[in-house]
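>>> Next input, structure requested:
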Amino acid sequence: MFKLPTCPHCKTVYHYRETKQALRQKQNTCYHCQKHFTASLFPGIIVIGLLILSLSVGINILMISRMNALNLILPMIITVLFLVLLYFLIPFFISFRKTEDSSDKMKTNKKKH
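Okay, the predicted model is just below:
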């Protein structure tokens, strides 16, 4: 099933609106553990988008071929509904990744010595 992304450090779940805001920013800070991470879009969203778009086009072609008159309102409504569905699914395809701060690098250097 679809899952919203979690903080890579403390596994805090981010809600729908917070996920969309995190995608817009390059550097994010967890509101729970105050550590930094980046948000990136999962490449699978392109596959899902192409699948939804091809399904929409297929349904539109089928509907237009079955109609006697040139009534294009219903196929346009279906296309818009598929695009809205894709838009609302985007936060489920976002992943959060850890970033190293200068303080994190210092800690790793101290551990090596």
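>>> where exactly do the helices run in the protein?
For the chain, the helices defined by DSSP state H occupy 16-24, 44-66, 73-89, 102-112.
>>> For stretch 40-47, measure first residue to last.
By Cα to Cα, to the nearest Å, the extent of stretch 40-47 from end to end equals 16 Å.
>>> what's next to that stretch, contact-wise?
23, 89-90, 93-95, 97 (Cβ atoms under 8 Å, 6 or more residues apart in numbering). Where you see a C-beta, it was placed from the backbone N, CA and C, and this is true even at glycine.
>>> Could you give the separation of it from the chain centroid?
Centroid separation between stretch 40-47 and its chain, computed with Cα atoms, centre = their mean, to the nearest Å, is 7 Å.
>>> Could you list the buried residues of that stretch?
Residues of stretch 40-47 classed as buried: none (neighbour count, 16 or more other Cβ atoms under 10 Å).
>>> Same question for stretch 51-63.
Those would be 52, 56, 60, for stretch 51-63 by 16+ other Cβ under 10 Å.
>>> Kindly reformat these as CSV containing distance to residue 42.
Converted to CSV, those look like this (distance: Cβ to Cβ, whole Å):
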residue, distance to residue 42
52, 15
56, 21
60, 27
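>>> which intervals of this protein have sub-threshold pLDDT?
Low-confidence segments of the chain (pLDDT under 70): 1, 67-71, 101-113.
>>> switch to 90 and redo it
1-9, 11-113 (pLDDT under 90).
>>> Filter the contacts of stretch 40-47 down to just the buried residues.
The buried subset of the contacts of stretch 40-47 - by 16+ other Cβ under 10 Å - is 23, 90, 93-94.
>>> Just the closest of the residues you listed to residue 9, please.
residue 94 (16.3 Å; Cβ to Cβ).
>>> The closest one against residue 18, yeah?
No. Counting by Cβ atoms under 8 Å, residue 94 stays clear of residue 18, with 10.4 Å between them.
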